[in-house]
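# below is the sequence, then the predicted model.
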Amino acid sequence: NYRRNYPDATQMGQLDFSQLRITPLSPEVAQVVGHWHLARPGAATGDLQGQFLLIFRKLNGQWVIVADHSS
């Protein structure tokens, strides 16, 4: 259960993104890659970090995420 595992903002931590690289693939599709870092002071597992890739598509005039991969 999400609420049981993350009952407050301290347990959720602070998520930050860096080294963002945006690559247009077409007028309606773009790729975003970068690094993420989750700071969780006091958490048993400590801070977490990794990389991510998002694919955005422009639908009805708005950019939406259609694919998301993190590792």
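Perfect, I can see it now. Quick caveat: nothing in here was measured; it's all calculated off a predicted structure. Numbers count the residues shown, from 1 in each chain.

# give me the mean pLDDT for stretch 53-67.
Mean per-residue pLDDT for stretch 53-67: 98.

# cool, stretch 35-43 as well?
Rounded mean pLDDT across stretch 35-43 is 87.

# burial check on residue 15, number of neighbours?
Using other CB atoms under 10 Å, residue 15 has 11 other residues around it. Quick note: C-beta positions are derived from backbone N, CA and C, even for glycine.

# ok, now which ones touch it?
36, 37, 38 (CB atoms under 8 Å, 6 or more residues apart in numbering).

# need the per-residue pLDDT for the residue nearest to residue 40 when sequence neighbours are not counted.
Spatial nearest neighbour of residue 40, chain neighbours left out: residue 13 (3.6 Å); criterion: CB to CB, 6 or more residues apart in numbering. Per-residue confidence at residue 13 stands at 87 (pLDDT).

# ok, residue 13 - how many residues close by?
17.

# distance of it from residue 38?
5 Å (CB to CB, to the nearest Å).

# which residues do those two both contact?
What both residue 13 and residue 38 touch, as defined by CB under 8 Å, 6+ apart, is the set residue 47.

# so which of the contacts of residue 15 are in strands?
Among the contacts of residue 15, DSSP state E puts 36, 37, 38 in strands.
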